[in-house]
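Asker: Test case, fold it:
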Amino acid sequence: MQLLPVKRALISVTDKTGITELGQFLSTMGVEIISTGGTRKMLQDKGMDVTSVSDVTGFPEILGGRVKTLHPHIHAGVLADKNNPEHMDTLASMNIQPIDIVCVNLYAFEHAIQDDPGIEKAVEQIDIGGPTLLRAAAKNHASICVLPDPEFYQPCMDMLRDKKGIDLDFRIKTASFTFAKTSRYDQVISGYFNQKI
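Answerer: Residues are numbered from 1 along each chain as shown. Modelled structure (predicted):
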């Protein structure tokens, strides 16, 4: 798919930089926004209609927030190849809507360990759902756009405004950035654990 139209966006961010502007822009474009926790509350407080991830999954956040987005109703919508009729038939048969943008950034693990709070507290700052969503969307860049950092918000909005879709070159660029970012994230975590051996 060369030009990706956008109807649904999943937004779940720790770094809220620029997220209000992105959310408002997507709302004015008629895009359904799906979100979690603090991001959802912030967007709603700014007057936006936001669908809770729990409403999409039919399942509440559990284990103190450890499990929110790890659900087939989210990940099937992210990983479906929109050029594959079998994938789209499967989504339709299971009443799952595809997702077009994944806008996620990660728990600030590196910041959390600066004063070394101890391994038990540190592990609670290891993001699981975020990297999973980012990698899934980056893998499926042919059918979805991943926005892993605020630096990509304005170019994405400009492209949607000008072209009514997100082009493939931009999606490949953000996918490449995503894999580099998640790789570095894992290296920081690995380094922390190695210090504890």
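Asker: show me where this protein has helices.
Answerer: Secondary structure of the chain by DSSP state H: the helices cover 19-28, 37-45, 53-57, 72-79, 85-93, 109-112, 119-122, 129-139, 153-163, 168-195.
Asker: For residue 49, give me its contacts.
Answerer: Shown in contact with residue 49 (CB atoms under 8 Å, 6 or more residues apart in numbering): 27, 33. Heads up, the C-betas are built off the backbone N, CA and C, glycines and all.
Asker: err, residue 148, not the other one
Answerer: Here residue 148 is in contact with 104-105, 134, 138, 174, 177-178, 181 (CB under 8 Å, 6+ apart).
Asker: mind checking pLDDT for it?
Answerer: With respect to pLDDT, residue 148 scores 96.
Asker: Same question for residue 192.
Answerer: Residue 192 carries a pLDDT value of 82.
Asker: Residue 24 now?
Answerer: For residue 24, the model assigns a pLDDT of 96.
Asker: In this structure it contacts residue 48, no?
Answerer: Yes. Counting by CB atoms under 8 Å, residue 24 touches residue 48, with 6.7 Å between them.
Asker: still on that earlier bit, rank the contacts of residue 148 by pLDDT and give me only the lowest.
Answerer: Pick the lowest pLDDT in those and you get residue 105, at 88.
Asker: Got phi/psi on that one?
Answerer: Per-residue torsions, residue 105: phi -130, psi 170 (degrees, to the nearest 10).
Asker: any weak-confidence spans in the protein?
Answerer: Residues of the chain meeting the criterion pLDDT under 70: 107, 110-113.
Asker: what's the distance between residue 143 and residue 64?
Answerer: Computed with CB to CB, to the nearest Å, the distance linking residue 143 and residue 64 is 32 Å.
Asker: What of residue 130?
Answerer: Look at residue 130 and residue 64: by CB to CB, they are 16 Å apart.
Asker: between those two, who's got more neighbours?
Answerer: Ranked by neighbour count (other CB atoms under 10 Å), residue 130 and residue 64 place residue 130 first, with 22 against 7.
Asker: Surely the more buried one is in contact with residue 108?
Answerer: No. The criterion here is CB under 8 Å, and residue 130 misses it with residue 108 at 11.0 Å.
Asker: overlap in contacts of these two?
Answerer: Contact with both residue 130 and residue 108 is made by residues residue 14, according to CB under 8 Å, 6+ apart.
Asker: Contacts only, for residue 66.
Answerer: By CB under 8 Å, 6+ apart, the contact set of residue 66 is residue 128.
Asker: Now for the spatially closest residue to residue 60 that is not a sequence neighbour, how many residues are close by?
Answerer: Nearest residue to residue 60, sequence neighbours excluded (CB to CB, 6 or more residues apart in numbering): residue 54, at 5.4 Å. Neighbour count for residue 54, taken as other CB under 10 Å: 15.
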